[in-house]
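Visitor: This is the structure alone, sequence omitted:
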């Protein structure tokens, strides 16, 4: 495991309200749910800051790789935050670094990376990033 990511390493934070069903049988947030939180943070940022329309837009992002390390547990009914930054932006692909934090904590409960490739919806070919999307991603560059 790598060193525990710190809150100050992230440019954007997405609040996450946990639900009872997010807990696994051990009473902790399930690992698959953490991936869902990461996806929620990415998609919310793309919709809000880049104007991406995941249902009808000409450009759509597909996750092609992901990984996650866990450092501490979290559980319902905690309010959590996902920290988001971009570590690599090249052509039609972007690599995000994400971390799950309990509100106010400096150290992450979990941290991961997600690689997303943007394609043209009609052709499924790599897309030239729209100007607004490019700017939104550049604003998150570490």
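Guide: Looks like it came in fine. What you are looking at is a predicted structure, and each value in this text was computed from that prediction instead of being measured.
Visitor: now the helices: where do they sit in this structure?
Guide: 31-50, 131-138 (DSSP state H).
Visitor: Could you dump these into JSON lines with mean pLDDT, mean neighbour count and distance to residue 91 added?
Guide: C-beta coordinates here come from the backbone N, C-alpha and C atoms, glycine included. Listed next are the helices of the chain as JSON lines, based on pLDDT from 0 to 100; neighbours: other C-beta atoms under 10 Å; distance: least, C-beta to C-beta, whole Å:
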{"stretch": "helix 31-50", "mean pLDDT": "96", "mean neighbour count": "18", "distance to residue 91": "16"}
{"stretch": "helix 131-138", "mean pLDDT": "95", "mean neighbour count": "15", "distance to residue 91": "11"}
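Visitor: Out of these, flag the one nearest residue 23.
Guide: helix 31-50 (8.4 Å; C-beta to C-beta).
Visitor: which residues are in contact with the closest one?
Guide: The contact list for helix 31-50, computed with C-beta atoms under 8 Å, 6 or more residues apart in numbering, reads 12, 14, 16, 22, 24, 52-54, 61, 63, 66, 68, 70, 80, 82, 84, 96, 98, 100, 110, 112, 114, 116, 130, 132-133, 135-137, 139-140.
Visitor: Filter those residues down to the buried ones and hand me the ChimeraX line.
Guide: Applying 16 or more other C-beta atoms under 10 Å to those, the buried members can be selected in ChimeraX as follows:
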select :12,14,16,22,52,61,68,70,80,82,84,96,98,100,110,112,114,116,130,133,136,137,140
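Visitor: okay, now the residue nearest to residue 10 when sequence neighbours are not counted: neighbour count?
Guide: Spatial nearest neighbour of residue 10, chain neighbours left out: residue 83 (3.0 Å); criterion: C-beta to C-beta, 6 or more residues apart in numbering. Other residues near residue 83 come to 22 when the count uses other C-beta atoms under 10 Å.
Visitor: among the contacts of helix 31-50, which are in strands?
Guide: With strands taken from DSSP state E, the overlap with these comprises 12, 14, 16, 61, 63, 66, 68, 70, 80, 82, 84, 96, 98, 100, 110, 112, 114, 116.
Visitor: Lovely, talk soon.
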